[in-house]
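In: Fold the stuff below for me.
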Amino acid sequence: MKTIFIMVKCELGKSYQVADEAILNIDKVSEVYSISGQYDLLMKCYLPDEDDIGHFVTEKVQRISGIKDTFTLITFKAFT
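Out: Got it, this is the predicted structure:
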């Protein structure tokens, strides 16, 4: 299992709609946070090792209506 974070820039006034759509319709999206700064949302996603990150981001996440831009962070190790 791999964990990725996707920072999402939304069209004005669309952040809540985008967050709802991601949580309700993309099963690999675990959590969505509203954030400050250049991006509006931070999505935490869990993908099986065999899943292609690029295909997931471009075919699932970026197709949500209201998304203008994304920035994907790939994780290596979780420290607990």
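
In: Now the phi/psi pair for T72, please.
Out: phi -100, psi 130 (degrees, to the nearest 10).

In: Now do the contacts for it.
Out: T72 makes contacts with I4, F5, I6, M7, I53, V57, as judged by C-beta atoms under 8 Å, 6 or more residues apart in numbering. Using the backbone N, CA and C atoms, a C-beta is placed for each residue, glycine as well.

In: Need the per-residue pLDDT for it.
Out: pLDDT, T72: 98.

In: How about A78?
Out: pLDDT at A78 comes out at 92.

In: distance of it from F71?
Out: To F71, A78 is 20 Å away according to C-beta to C-beta, to the nearest Å.

In: higher neighbour count, the two?
Out: F71 (13 against 6; other C-beta atoms under 10 Å).

In: Okay, and the beta partners of the closest residue to the more buried one other than its chain neighbours?
Out: Distances taken as C-beta to C-beta, 6 or more residues apart in numbering put M7 closest to F71, at 4.3 Å, once the chain neighbours are dropped. Beta-bridge pairing for M7 (DSSP bridges): L42, F71.
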